[in-house]
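[1] Need coordinates for the below:
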Amino acid sequence: MEEKSTATLEKIQEAAMSEFLDKGFQGASLRQIVKNAGVTTGAFYGYFSSKEALFNALVEPHAAALMGKFMEAQTSFAELPEEQQPDHMGEESSSCVHWMVDYICRHREPVKLLLTR
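    Numbering: from 1, shown residues only. This is a model prediction of the structure:
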């Protein structure tokens, strides 16, 4: 039963990703997402309370990861003694940017959704 539940959730999320990327949040149709996922509206509501909850489920983990890394870099830099900060500025920001670019490349669609839709 759990396997079917996971498969249904994945179908909903895949259909939603496509719909949101194509039409944006406002233009996306919950009816179309459900239809493309091949599930009933009732099944959808068994996983998500709304279209907004579904959108958040798709983008929130990625927003949290990116913001978390940014905040980690900021905190790490701020904790350095003030006289050491100029020497480490490029090093800290470069490391953070490289991590973020790699993350964005590995999670292209949900990050694109987060940033553009």
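
[2] alpha carbons only for contacts and neighbour counts from here, please
    Will do.

[3] From residue 104, how far out is residue 70?
    The gap separating residue 70 from residue 104 is 13 Å, by Cα to Cα, to the nearest Å.

[4] Check which residues of the lowest-mean-pLDDT helix or strand in the chain are buried.
    Ranking every helix and strand in the chain by mean pLDDT, DSSP states H and E puts helix 85-106 at the bottom, with a mean of 87. Buried residues in helix 85-106, counted by 16 or more other Cα atoms under 10 Å: 96, 100, 104.

[5] For whichever helix or strand comes after that helix, list the C-alpha coordinates in PDB.
    Sequence order places helix 108-116 as the next helix or strand after helix 85-106, per DSSP states H and E. What follows is helix 108-116, C-alpha atoms only, in PDB (Å, rounded to 0.1, in the frame of the first residue of the first chain):
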ATOM      1  CA  ARG A 108      17.200  22.800 -11.900                       C
ATOM      2  CA  GLU A 109      13.400  22.500 -12.200                       C
ATOM      3  CA  PRO A 110      12.300  23.100  -8.700                       C
ATOM      4  CA  VAL A 111      14.800  26.000  -8.300                       C
ATOM      5  CA  LYS A 112      13.500  27.500 -11.600                       C
ATOM      6  CA  LEU A 113      10.000  27.200 -10.300                       C
ATOM      7  CA  LEU A 114      11.100  28.900  -7.100                       C
ATOM      8  CA  LEU A 115      12.800  31.800  -8.800                       C
ATOM      9  CA  THR A 116      10.500  32.400 -11.800                       C
END
